[in-house]
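**Student:** no sequence on hand, only this structure:
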């Protein structure tokens with residue numbers, strides 16, 4: 001039912017974040033972003049069905065469209081332990097169908113401690129130095145070890161770039177025998193993603209120990225700043241065309257939790273109460289997609305569809321005179337969640353004998369939760385088949401007078417070749433087994449997005465239908481028992 005990972009085990013392997021630290025447990029798998037674990041799957045159930053907690057405080061969800069929580073901002077260096085519960089128990093919130101993960105933060109030890117950890121790294125895919133990790137922590141106990149204070153700061157930069165490809169297959173015929181089906185390439189999707197992740201984390205834990213009781217005040221903040229540049233070729237041999245695109249996206253994720261908990265023991269009776277606050281903010285202030293289109297991109301007379309994907313590019317015509325700027329879109333996403341809760345629990349242990357122990361537990365929880373999500377999608381069809389000159393084309397030509405030498409104002413299309421990166425600066429892609437071609441310059445993409453910002457049209461069906469804001473008041477109580485018969489039966 002429950003797995004517990006100690007601080008020693010967590011730090012035996014240099015995991016990037018807390019999600020990676022529990023990814024090796026049985027029944028646990030990870031959702032990855034740029035090769036790094038970000039969300040937890042328990043017993044095969046999606047992350048939105050699992051509860052993520054810090055010191056028993058449920059983290060506010062960071063998913064824009066669901067209740068999932070991103071763990072990539074939680075540093076393994078701040079953790080004393082991790083508890084993974086793979087069952088639905090009465091003292092857990094009922095929305096965790098898969099299970100729950102509880103992160104226990106470090107407390108000040110009896111010995112004064114000051115620690116500095118520095119790391120650096122090399123990215124072999126891009127042959128670049130620049131990755132680093134810096135951890136500074138200190139702890140001390142006062143007043144005969146009754147009062148403890150621990151503070152930790154974690155700074156990190158990671159290059160999470162990747163080369164990716166995806167192939168979709170189809171069949172042109174439907175023969176009676178399965179062995180005779182002609183498996184053909186439907187489309188080949190090539191993606192080069194440059195991802196730079198800047199991560200910040202900090203924690204402050206203050207505890208005071210009485211003879212039979214304890215007060216603990218915990219604070220945790222984590223922030224990820226993720227910058228993504230994606231260069232894409234989408235080859236569609238059946239339609240004999242290629243889409244070229246550049247995606248420019250920045251994302252910031254902030255998570256904050258505060259908890260104040262009091263625990264007291266009187267013989268076999270234990271009770272605790274606490275007040276908790278949790279906050280998350282997920283913001284993508286701008287995602288620009290700049291897209292070009294080349295029709296008649298394949299030699300349809302000689303092309304073969306039942307080939308290895310590596311050979312598909314040999315049938316490309318590569319006639320940039322036919323390629324043109326297709327469209328541009330701009331998307332913004334923002335979500336915020338806030339939780340304020342109070343809970344009170346009582347547990348009584350009845351020892352009938354050395355082998356028979358009965359535990360009774362009851363408690364209540366009160367919680368107020370607020371969440372808002374806003375999405376704004378704007379776009380502009382620059383040249384959809386041409387024919388009609390648009391004002392956006394005129395604005396681009398006026399902003400770049402050198403384009404007017406071959407493309408006069410009043411033209412219905414702008415050649416894609418005007419926007420391309422310098423071929424001499426071409427980066428290696430998938431060990432040169434595939435070729436990523438005709439990618440636009442990032443600075444021109446940003447300039448044109450700014451130029452046309454007031455011309456872009458709002459896509460109402462994509463912008464409004466998912467917007468929401470809601471407030472929820474939550475009241476819950478439970479009663480449960482636990483019976484232990486020796487050490488083998490629970």
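**Tutor:** Good, I have the coordinates. Because the structure is predicted, anything quoted here is derived from the model rather than measured.
**Student:** phi, psi of the residue in the chain sticking out farthest from the centre?
**Tutor:** Relative to the C-alpha centroid of the chain, counting by CA atoms, centre = their mean, residue 353 is the outermost residue, at 50.1 Å. Backbone torsions of residue 353, given as degrees, to the nearest 10, read phi -160, psi -180.
**Student:** report the separation between it and residue 486.
**Tutor:** 10 Å (CB to CB, to the nearest Å). For every residue, glycine as well, the C-beta is placed using N, CA and C.
**Student:** for the residue farthest from the centre of the chain, give me its contacts.
**Tutor:** Not one residue lies near residue 353 by CB atoms under 8 Å, 6 or more residues apart in numbering.
**Student:** ok, it to residue 270 distance?
**Tutor:** Taken as CB to CB, the span from residue 353 to residue 270 is 20 Å.
**Student:** now residue 411
**Tutor:** 78 Å.
**Student:** now do residue 41
**Tutor:** 33 Å.
**Student:** one more: residue 40?
**Tutor:** 29 Å.
**Student:** likewise residue 54?
**Tutor:** 21 Å.
**Student:** which of those two has more neighbours?
**Tutor:** residue 54 (27 against 17; other CB atoms under 10 Å).
**Student:** tell me the contacts of that one?
**Tutor:** Residue 54 neighbours (CB under 8 Å, 6+ apart): 74, 102, 103, 105, 218, 220, 257, 259.
**Student:** swap the cut-off to 10 Å and go again
**Tutor:** Going by CB atoms under 10 Å, 6 or more residues apart in numbering, residue 54 touches 18, 74, 78-79, 101-105, 203, 218-220, 222, 255, 257-259, 276, 278.
**Student:** and residue 431, by the same measure?
**Tutor:** residue 163.
**Student:** doesn't it fall inside a strand?
**Tutor:** No: Residue 431 sits outside any strand when classified using DSSP: H, G, I helix; E, B strand; the rest coil, being helix.
**Student:** give me the pLDDT for it.
**Tutor:** In this model, residue 431 is scored at 87, pLDDT.
**Student:** same question, residue 177
**Tutor:** 69.
**Student:** just the pLDDT for the residue farthest from the centre of the chain.
**Tutor:** For residue 353, pLDDT reads 83.
**Student:** so how far is residue 361 from it?
**Tutor:** 20 Å.
**Student:** again with residue 331
**Tutor:** From residue 331 to residue 361 the distance is 47 Å (CB to CB).
**Student:** next: residue 421.
**Tutor:** 63 Å.
**Student:** tell me the helices and strands packed up against the lowest-mean-pLDDT helix or strand in the chain.
**Tutor:** None of the helices or strands of the chain scores lower by mean pLDDT, DSSP states H and E than helix 7-12, at a mean of 73. Identification of packing neighbours for helix 7-12 by 3 or more CB pairs under 10 Å, 6 or more residues apart in numbering; DSSP states H and E yields helix 18-22, strand 79-85.
**Student:** still on that earlier bit, look up how far residue 480 lies from the residue farthest from the centre of the chain.
**Tutor:** 22 Å.
**Student:** again with residue 6
**Tutor:** 26 Å.
**Student:** and residue 390, by the same measure?
**Tutor:** In terms of CB to CB, residue 390 sits 66 Å off from residue 480.
**Student:** repeat for residue 278
**Tutor:** Residue 278 is 24 Å from residue 480, by CB to CB.
**Student:** what comes into contact with the helix or strand harbouring residue 118?
**Tutor:** Per DSSP states H and E, residue 118 falls inside strand 113-123. Outside strand 113-123, the residues that touch it by CB under 10 Å, 6+ apart are 11, 14, 77, 106, 128-141, 150, 152, 154, 156-161.
**Student:** which of those residues fall in helices?
**Tutor:** residue 11 (DSSP state H).
**Student:** tell me which of the contacts of strand 113-123 fall in strands.
**Tutor:** 128-141, 150, 152, 154, 156-159 (DSSP state E).
**Student:** just the buried subset of those, written out for ChimeraX, thanks.
**Tutor:** Command for ChimeraX that selects the buried part of these, burial taken from 16 or more other CB atoms under 10 Å:
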select :131,133,135,136,137,139,141,150,152,154,156,157,158,159
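**Student:** partners of the helix or strand harbouring residue 214 in the sheet?
**Tutor:** Assigned by DSSP H and E, residue 214 belongs to strand 213-236. Take DSSP bridges as the rule and strand 213-236 pairs in its sheet with strand 183-209 (antiparallel), strand 241-266 (antiparallel).
**Student:** adding mean neighbour count and distance to residue 468 as columns, could you present those strands in TSV?
**Tutor:** Output for these, formatted as TSV (neighbours: other CB atoms under 10 Å; distance: least, CB to CB, whole Å):
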stretch	mean neighbour count	distance to residue 468
strand 183-209	18	29
strand 241-266	19	19
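**Student:** so which of those comes closest to residue 425?
**Tutor:** In terms of CB to CB, the element of those nearest to residue 425 is strand 183-209, at 12.9 Å.
**Student:** buried residues in stretch 263-282?
**Tutor:** 263, 270-274, 276-282.
**Student:** now residue 411, what's its secondary structure?
**Tutor:** Residue 411 is classified as coil under three-state DSSP.
**Student:** next, give phi and psi for it.
**Tutor:** According to degrees, to the nearest 10, residue 411 has phi -70, psi 150.
**Student:** count of residues packed around residue 341?
**Tutor:** 19.
**Student:** neighbour-wise, which of residue 390 and residue 480 wins?
**Tutor:** Taking neighbours as other CB under 10 Å, residue 390 and residue 480 compare with residue 390 leading, 18 against 13.
**Student:** so that one sits against residue 328, correct?
**Tutor:** No: under the criterion of CB atoms under 10 Å, residue 390 makes no contact with residue 328, lying 11.5 Å away.
**Student:** anything in contact with each of these two?
**Tutor:** With CB under 10 Å, 6+ apart, residue 390 and residue 328 have common neighbours 380, 381, 382, 396, 455.
**Student:** quick check: closest non-adjacent residue to the second one.
**Tutor:** Closest residue in space to residue 381, ignoring its immediate chain neighbours: residue 327 at 4.9 Å, by CB to CB, 6 or more residues apart in numbering.
**Student:** nothing else from me, thank you.
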